[in-house]
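Undergrad: fold the following for me, if possible:
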Amino acid sequence: MDYATYQGIRTQEGCLVTVDGQALPLRLDLASHSPTGFEWGYRGSGPAQLALAILAHHCGHDERRALDHYQRFKEEAIAPLCVDRWTISGELVEMYLEKLEAEAALED
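TA: Next up, the predicted model:
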């Protein structure tokens with residue numbers, strides 16, 4: 001399976017996030033946490049929007065899967081990114097999702 005590559009860079013103008021070199025859509029249609037853009041490195045609205053956007057892209061038409069897990073994905077993968085530039089592979093995103101789904105199944 002071909003996985004996408006997600007990259008973020010913090011610039012003077014703000015945070016730019018791409019998927020395979022193209023701008024990652026905010027996905028405000030799913031949830032509007034941060035209409036002004038993405039952020040990372042803490043547990044706020046900008047990181048929540050980023051987590052949702054990455055999962056929504058990764059999951060494609062399975063938006064429910066993204067919506068079910070983006071807050072935990074934010075906590076585990078996005079909030080700890082305390083750097084100005086990062087790369088996350090789609091393979092790593094899938095590993096996080098499988099882990100989060102297994103944890104959610106144990107909680108039910």
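
Undergrad: which neighbouring elements make contact with the lengthiest helix in the chain?
TA: Looking across the chain with DSSP state H, the single longest helix is helix 90-107. Judged by 3 or more C-beta pairs under 8 Å, 6 or more residues apart in numbering; DSSP states H and E, the packing partners of helix 90-107 are strand 5-11, helix 45-59, helix 63-73. In this view, the C-beta of every residue, glycine as well, is placed from N, C-alpha and C.

Undergrad: let me see the contact set for the residue nearest the centre of the chain.
TA: Centroid-nearest residue in the chain, with C-alpha atoms, centre = their mean: Ala51, separated by 2.5 Å. Residues in contact with Ala51 (C-beta atoms under 8 Å, 6 or more residues apart in numbering) are Tyr70, Gln71, Phe73, Lys74, Ala77, Ile78.

Undergrad: pull the residues that contact the longest helix of the chain.
TA: 3-6, 54-55, 58-59, 65, 68-69, 72-73, 76-77.

Undergrad: nearest to Trp40, of these?
TA: Ala77 (9.2 Å; C-beta to C-beta).

Undergrad: correct me, but that closest one touches Ile88?
TA: Yes: using C-beta atoms under 8 Å, Ala77 is in contact with Ile88, at 7.0 Å.

Undergrad: mind picking the two most distant members of the contacts of Ala51?
TA: Among the contacts of Ala51, the pair separated by the greatest distance (C-beta to C-beta) is Gln71 and Ala77, at 11.3 Å.

Undergrad: sorry, back to before: what about burial for the contacts of helix 90-107, which qualify?
TA: Burial by neighbour count, 16 or more other C-beta atoms under 10 Å: within these this picks out Ala4, Tyr6, Ile54, Leu55, His58, Cys59, Arg65, Asp68, His69, Arg72, Phe73, Ala77.
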